[in-house]
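Undergrad: based on what follows, work out the 3D shape:
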Amino acid sequence: MDHVDRIIAQWEAARPDLDVGTMGPTGRLARLSQHLSREHAAVFLKHDLNMASFDVLATLRRSGPPFALTPKALMASTMVTSGTMTNRLDRLEHAGFITRTPDPEDGRGFIIQLTDQGFALIDRAVTDHVANQAALIEVLSKEERNQLDALLKKWLSGFEPSNG
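TA: Predicted structure coming up:
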């Protein structure tokens, strides 16, 4: 019996008129989210990053050569506001991980590009991040991971539209 089972049992005793079975998956996902966030943050911190800076650098890295995007494309990928993105970019530029160059297609805009230092940093960080994710889910077999992934994808589709 885990923590969520105890909560469900308490609610079943206190409110037998309610079907509290949905508390199992949602409660466990909430608790897992807290554990995963903490573990991810620890890996990012080893590289002097936080989730926000990792997100921007990883988005640029996975965009492929020349590892450059417009702020608008970065905002769409990371789902943050313009002000939040500007703040993130200011910090990353100050640290030497990105550069801003004028966008030749938009005289008012910029292109954000990884520097060599930023490229090396995100490659180290994502390598550690992937290894950490593997360790965090190793309690499940490959088949169980695939089943869980399919179920979570289905559930998530109720909140987020498919991108094709």
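
Undergrad: quick one, helices of the chain?
TA: For the chain, the helices defined by DSSP state H occupy 3-14, 23-46, 51-62, 71-78, 82-94, 116-136, 142-156.

Undergrad: and residue 41, how far is that from residue 51?
TA: Residue 41 sits at a distance of 7 Å from residue 51 (criterion: C-beta to C-beta, to the nearest Å). For glycine as for every other residue, the C-beta is placed from the backbone atoms N, C-alpha and C.

Undergrad: gap between residue 29 and residue 53?
TA: From residue 29 to residue 53 the distance is 26 Å (C-beta to C-beta).

Undergrad: between these two, tell me which one has more neighbours.
TA: residue 53 (23 against 14; other C-beta atoms under 10 Å).

Undergrad: wait, that one sits on residue 90?
TA: No. Assessed by C-beta atoms under 8 Å, residue 53 is found out of contact with residue 90, at 11.2 Å.

Undergrad: give me the neighbour count for residue 31.
TA: 13.

Undergrad: what's the angle from the helix or strand of the chain with the lowest mean pLDDT to helix 82-94?
TA: Lowest mean confidence among the helices and strands of the chain (mean pLDDT, DSSP states H and E): helix 71-78, at a mean of 86. On the basis of axes from the mean of the first three to the mean of the last three C-alpha atoms, to 10 degrees, helix 71-78 is oriented at 100 degrees to helix 82-94.

Undergrad: which residues are in contact with helix 71-78?
TA: Helix 71-78 is touched from outside by 55-56, 59-60, 63, 69, 81-82, 85-86, 89, 109-110, 112, with contacts defined as C-beta atoms under 8 Å, 6 or more residues apart in numbering.
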